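Novice: got a predicted structure here, sequence first:
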Amino acid sequence: MRIGLDQNAENALYERSRAMWHPVAYINDVTDSPIAVRLLDEPLVIVRLNGEIACFGDLCIHRGTALSLGTVTGANLQCAYHGWEFDSSGSCVRIPSRPQGSIPRKARVEKFACKEAAGLVWVCLEPPALFPLPEYSAWSDPDYRTIHIPLYDWHSSAARRVENFIDFSHFPFVHAGVLGDPDKPEIPDHPVTRSDHAIAFELGVEEVPNELKGDQALDGPIQRQPSTYTVSMPYSVELDQPLGEGRHFRLFMASSPVGRKETRTFSWCSRNYDVDPASDESFVEFQRVILEQDRVVVESQRPEELPIDLSEELHIKGVDQASIEYRRWLLELASH
């Protein structure tokens with residue numbers, strides 16, 4: 001069985017991803033204590049200076065020390081090794097060992113484009129970005145109780161993680177008794193539409209009754225109303241699931257390509273019912289169960305990178321339509 005692939009397209013897509021927005025941290029986790037992160041194999045440091053979040057290469061120009069080991073001094077980021085200080089533009093503004101001497105023009109660290117949206121810090125390594133930042137309206141909607149799911153790291157590509165989210169024929173088997181029923185594995189056709197920066201579709205599937213969604217104890221699966229899925233390019237997905245009587249359960253997932261085969265995912269879970277904070281842990285625990293079931297399967301997939309050439313794996317028309325459209329778009333990106 002062949003598990004390798006011609007990686008020309010995957011290589012091109014990985015390089016083009018440098019011109020896209022990717023999440024690197026929850027906003028609330030960024031303080032005046034530097035945080036080390038990695039994006040597309042690039043070591044970065046995220047820090048708040050003068051109240052604003054900034055992103056730099058995690059490397060001091062002097063002796064190559066990780067700036068994430070440093071501290072914030074006034075409005076500057078100070079290197080832990082020799083105390084060099086860098087301002088919010090990345091320029092060195094103080095060398096303690098030569099307080100009266102001139103500072104070399106090359107004494108600066110690389111600064112990267114950084115924005116805040118949907119409760120996350122996003123970084124683009126090579127702007128201008130090909131796509132706008134994704135939106136998640138529930139984040140700022142006072143009618144919704146929104147909680148974050150603890151970030152998680154998987155040994156897989158970001159595209160594999162996204163495809164897992166929009167794959168539904170695995171529900172009855174990977175999530176048997178939790179989301180799906182092996183005796184009812186049929187998936188209805190779901191036409192996929194495409195805009196300038198997203199693909200979207202609606203799908204109603206049968207699910208196992210879930211008290212967290214207000215279901216009463218029933219013997220068999222429930223036919224849900226059609227849910228709306230929106231994939232914002234390249235690696236973010238929003239689910240809006242209506243539960244009847246105006247109630248909605250919503251999820252927002254943004255996966256970050258730490259490396260070619262390493263992915264860190266940030267998620268928000270929102271609901272406009274049962275908004276008592278005492279219920280939060282039950283919603284988080286349910287997601288933990290689902291994620292662990294998915295992780296084992298996704299990390300087993302070979303190759304770890306998603307084959308974006310449609311000839312590389314077998315697809316079932318209708319059932320795999322969302323995946324087909326997603327891979328087709330990624331291939332177009334890689335080809336330009």
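Specialist: That came through, no problem.
Novice: quick one, longest helix in this structure?
Specialist: What stands out as the longest helix in the chain, according to DSSP state H, is helix 280-298.
Novice: what residues sit buried inside that one?
Specialist: Within helix 280-298, the residues that count as buried by 16 or more other C-beta atoms under 10 Å are 280, 283, 286-287, 291, 293-295, 298. Every residue, glycine included, has its C-beta placed from N, CA and C.
Novice: quick one: list the elements packing against it.
Specialist: Other elements packing on helix 280-298 under the criterion 3 or more C-beta pairs under 8 Å, 6 or more residues apart in numbering; DSSP states H and E are strand 145-154, helix 158-165, helix 171-174, strand 262-271.
Novice: quick revisit: any chance of JSON lines for the buried residues of helix 280-298, columns pLDDT?
Specialist: Listed next are those as JSON lines, based on pLDDT from 0 to 100:
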{"residue": "D280", "pLDDT": "96"}
{"residue": "F283", "pLDDT": "93"}
{"residue": "F286", "pLDDT": "93"}
{"residue": "Q287", "pLDDT": "95"}
{"residue": "L291", "pLDDT": "97"}
{"residue": "Q293", "pLDDT": "96"}
{"residue": "D294", "pLDDT": "97"}
{"residue": "R295", "pLDDT": "98"}
{"residue": "V298", "pLDDT": "98"}
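Novice: of all these, which comes closest to R161?
Specialist: Ranked by distance to R161 (C-beta to C-beta), the buried residues of helix 280-298 are led by V298 at 6.6 Å.
Novice: residues in contact with that closest one?
Specialist: Contacts for V298 were tallied using C-beta atoms under 8 Å, 6 or more residues apart in numbering; they are 154, 156, 160-161, 164.
Novice: rewinding a little: mind listing what's buried in the helix or strand following the longest helix of the chain?
Specialist: Next along the chain after helix 280-298, taking DSSP states H and E as the criterion, comes helix 321-335. By 16+ other C-beta under 10 Å, the buried positions in helix 321-335 come out as 321-327, 329-331, 333-334.
Novice: closest one to T230 out of the residues you listed, please.
Specialist: A322 (10.9 Å).
Novice: ok, and the closest non-adjacent residue to that closest one?
Specialist: Leaving aside its chain neighbours, A322 sits nearest to I166 (4.4 Å; criterion: C-beta to C-beta, 6 or more residues apart in numbering).
Novice: verify the stated contact: that neighbour with T230.
Specialist: No - I166 is not in contact with T230 according to C-beta atoms under 8 Å; the separation is 9.9 Å.
Novice: from L203, how far out is the residue nearest to A322?
Specialist: 9 Å (C-beta to C-beta, to the nearest Å).
Novice: give me the common contacts of the two.
Specialist: With C-beta under 8 Å, 6+ apart as the test, I166 and L203 both reach Y229.
Novice: for H148, what are its contacts?
Specialist: So H148 contacts 26, 119, 266-269 (C-beta under 8 Å, 6+ apart).
Novice: if we use 10 Å, what do you get?
Specialist: Residues near H148 by C-beta atoms under 10 Å, 6 or more residues apart in numbering: 26, 28-29, 119-120, 252, 266-269, 280, 284.
Novice: same question for P43.
Specialist: Contacts for P43 were tallied using C-beta under 10 Å, 6+ apart; they are 36-37, 56-59, 66-68.
Novice: what about it, helix or strand, and which?
Specialist: strand 42-49.
Novice: now that strand: buried residues?
Specialist: Buried residues in strand 42-49 (16+ other C-beta under 10 Å): 42, 44-49.
Novice: same question, stretch 18-25
Specialist: So for stretch 18-25, counting by 16+ other C-beta under 10 Å, buried means 18, 20-25.
Novice: adding secondary structure, write those out as CSV.
Specialist: Formatted as CSV, those follow (DSSP: H, G, I helix; E, B strand; the rest coil):
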residue, secondary structure
R18, helix
M20, coil
W21, coil
H22, strand
P23, strand
V24, strand
A25, strand
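Novice: shared neighbours of I166 and T230, anything?
Specialist: Once C-beta under 10 Å, 6+ apart is applied, the residues that I166 and T230 both contact turn out to be 199, 201, 237, 239.
Novice: okay, and which of those map to strands?
Specialist: Judged by DSSP state E, the subset of the shared contacts of I166 and T230 located in strands is 199, 201, 237, 239.
Novice: the first one touches A322, doesn't it?
Specialist: Spelled out, it's I199. Yes - shown here, I199 and A322 form a contact pair, counting by C-beta atoms under 10 Å, at 7.2 Å.
Novice: okay, and the common contacts of the two?
Specialist: With C-beta under 10 Å, 6+ apart as the test, I199 and A322 both reach 166, 192, 229, 231, 237.
Novice: tell me the pLDDT at the third one?
Specialist: Which is Y229. pLDDT recorded at Y229 is 96.
Novice: partner strands of the helix or strand encompassing it, with direction?
Specialist: Using DSSP H and E, Y229 sits in strand 227-232. According to DSSP bridges, strand 227-232 forms sheet pairs with strand 198-203 (antiparallel), strand 236-244 (antiparallel).
Novice: and the residue nearest to S89 when sequence neighbours are not counted, how far from L125?
Specialist: Closest residue in space to S89, ignoring its immediate chain neighbours: K111 at 6.5 Å, by C-beta to C-beta, 6+ apart. When distance is defined by C-beta to C-beta, K111 is 11 Å away from L125.
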